[in-house]
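In: coords below, sequence missing:
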């Protein structure tokens, strides 16, 4: 067995390289997100990759898995306690307050796209450095924005070619009705908590609502008969949720009620939802035991109290985020066709020092004219360069050697037919453009 070199490094556990062959999927996600967001009136925001750790403690919640187990927290040389962002909403809310966006016409619609960081067990579609697309609407309580965010989320997934989508939706109430439900939930679990997992035995003391968010197999039978929060909503939350569902019906967006859906972050209130992809081919990726395999690709909900919690004024808000790595995995699984970012149709073949010099100049001229050209400047053999051109699928090869460079000509070779003709070098860009149009 070959020994590893002393300085053989690997990417940190839970991270991955995005290679050139996969960049077309990432470009597709960025392009679709940008177009859909602009159509819905969302402007892009980019927040820092790290924030003061207190921001996440105040917003995400001290009893969440993110804060207890997953955050990357460290002290700077100036002794500030900071954290790599584990999610995007808290940073957006902080920017909304700090940058005075509450003084803009409301609501303020923002979208973001970028890396997040969580120290959790890596598995299929889940990384320690991962990327999200997020949408946030701040400054309006109207349930129509709940429906619009869900509509935008579904639109992006559809434009990316994803099929068999289903929205699961619930309302987790507000500070008026949730305490009443909390008592019911505690009463139900008190005699059953012995059979629950270790995390749930802790959750029942600090945040009982998160008992319904448990994914541990041991806890699923207990959850099934737990009381429904949706049956205990106050009038305001009930009316809000009913309006959201009516808007979704009007938009003809398929959804199903999931009375045990709560999401994992403390800042959520009222509407919460997750978007699942249901497909028989997803069994190996599935995180559930449902008969039909389903995979969560993202979700969101209202966070009406978050802006006030972090020092702003009372500001209702709704948002959602989807995981890019998971979306790309599904695109590949469902054989979504994504065109190459750039496919050079012209290949430069050079021979000799003078040919190489002329080819290098010509390469720059083609680039300025908007024509993508490929080359193998390090090769000297015509046959090896033409083989590379053939493998790359070039339609035209341009051959320039010592003689052609001195005479001011270039040989244009049709890669399909093998026919060749000599073209004056000053006419080559115009000629190539005409040939490519044909």
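Out: Yep, that arrived. Small disclaimer: the values here were computed from a predicted structure and weren't measured. Numbering: from 1, shown residues only.

In: Roughly how far does the residue nearest to the spatial centre of the chain sit from residue 381?
Out: Most central in the chain under Cα atoms, centre = their mean is residue 324, positioned 2.7 Å from the mean C-alpha point. Distance, residue 324 to residue 381, by Cβ to Cβ, to the nearest Å: 42 Å. Every C-beta, even on glycine, is put in place using the N, C-alpha and C of the backbone.

In: Can you report how many residues lie near residue 244?
Out: 25 (other Cβ atoms under 10 Å).

In: scratch that, residue 382 is what I was asking about
Out: With other Cβ under 10 Å as criterion, residue 382 counts 14.

In: try the one 10 residues further on
Out: Using other Cβ under 10 Å as the criterion, residue 392 is surrounded by 14 other residues.

In: mind listing what it touches?
Out: 344, 347, 374 (Cβ atoms under 8 Å, 6 or more residues apart in numbering).

In: who wins for most neighbours among the residues you listed?
Out: residue 347 (24 neighbours).

In: That residue reaches residue 371, doesn't it?
Out: No: at 11.6 Å, residue 347 does not count as touching residue 371 under the criterion of Cβ atoms under 8 Å.

In: Could you find the lowest-pLDDT member of the contacts of residue 392?
Out: Ranked by pLDDT, the contacts of residue 392 bottom out at residue 344 (87).

In: so it touches residue 394, yeah?
Out: Yes: counting by Cβ under 8 Å, residue 344 touches residue 394, with 6.4 Å between them.

In: what touches both of those two?
Out: residue 374.

In: Tell me who's in contact with residue 362.
Out: Going by Cβ under 8 Å, 6+ apart, residue 362 touches 348, 398, 400, 410, 425, 428.

In: quick one, what contacts the residue nearest to residue 350 when sequence neighbours are not counted?
Out: Distances taken as Cβ to Cβ, 6 or more residues apart in numbering put residue 359 closest to residue 350, at 3.9 Å, once the chain neighbours are dropped. By Cβ under 8 Å, 6+ apart, the contact set of residue 359 is 348, 349, 350, 375, 377, 400.

In: Now, of the residues you listed, which are buried?
Out: 348, 349, 350, 375, 400 (16 or more other Cβ atoms under 10 Å).

In: need those residues in a markdown table with pLDDT, distance to residue 218 and secondary structure, can you?
Out: What follows is these, written out as a markdown table (pLDDT from 0 to 100; distance: Cβ to Cβ, whole Å; DSSP: H, G, I helix; E, B strand; the rest coil):
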| residue | pLDDT | distance to residue 218 | secondary structure |
| --- | --- | --- | --- |
| 348 | 95 | 64 | strand |
| 349 | 95 | 66 | strand |
| 350 | 94 | 67 | strand |
| 375 | 93 | 60 | strand |
| 400 | 95 | 71 | strand |
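
In: farthest-separated two in these?
Out: 375 and 400 (11.0 Å; Cβ to Cβ).

In: Pull up the overlap in contacts between those two.
Out: With Cβ under 8 Å, 6+ apart as the test, residue 375 and residue 400 both reach 348, 350, 359.

In: Among those, which one lies nearest to residue 178?
Out: The closest of the shared contacts of residue 375 and residue 400 to residue 178 turns out to be residue 348 (Cβ to Cβ; 67.3 Å).

In: doesn't residue 375 make contact with the closest one?
Out: Yes: in this structure residue 348 lies within contact range of residue 375 using Cβ under 8 Å: 4.4 Å.

In: shared neighbours of those two, which are they?
Out: Joint contacts of residue 348 and residue 375 (Cβ under 8 Å, 6+ apart) are 359, 363.
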